[in-house]
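> Only the shape, not the letters, is given here:
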C-alpha cells in the first residue's frame, strides 16, 4: 500500500514473497534505508503545502 501511495511500480505484488522496489534497492546497497518521503501535494494529498508524507517499511 505504501508503494501505491508514493506512485512506485508495484508489478511484483503478484510474486511470493513480495519485495518492493525500495526493499530490493536497499538489499543491493543502493539505498541507506527503506524510508520514503515526499511533499504531500506532489502525490495528490490535499493538505498544507509544507506537509511531508513519510513511509517506512
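Structure's in. What do you need? The structure displayed is predicted, hence computed values, not measured ones.
> Find the nearest non-adjacent residue to residue 41, please.
residue 49 (5.6 Å; C-beta to C-beta, 6 or more residues apart in numbering). C-betas here are computed from N, CA, C, even on glycine.
> In contact with that neighbour, which residues are there?
Counting by C-beta atoms under 8 Å, 6 or more residues apart in numbering, residue 49 touches 39-41.
> Would you mind giving these as JSON lines with distance to residue 1 added?
Formatted as JSON lines, the contacts of residue 49 follow (distance: C-beta to C-beta, whole Å):
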{"residue": "39", "distance to residue 1": "19"}
{"residue": "40", "distance to residue 1": "16"}
{"residue": "41", "distance to residue 1": "20"}
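> can I get these in TSV with distance to residue 20 and secondary structure?
Supplementary listing: the contacts of residue 49 in TSV, determined by distance: C-beta to C-beta, whole Å; DSSP: H, G, I helix; E, B strand; the rest coil:
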residue	distance to residue 20	secondary structure
39	21	strand
40	20	helix
41	23	helix
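> Now do the strands in the protein.
With DSSP state E as the criterion, the chain has strands at 36-39, 52-55.
> Now render these as CSV, adding mean neighbour count, distance to residue 30 and mean pLDDT.
Shown next, in CSV, are those (neighbours: other C-beta atoms under 10 Å; distance: least, C-beta to C-beta, whole Å; pLDDT from 0 to 100):
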stretch, mean neighbour count, distance to residue 30, mean pLDDT
strand 36-39, 14, 14, 94
strand 52-55, 12, 18, 93
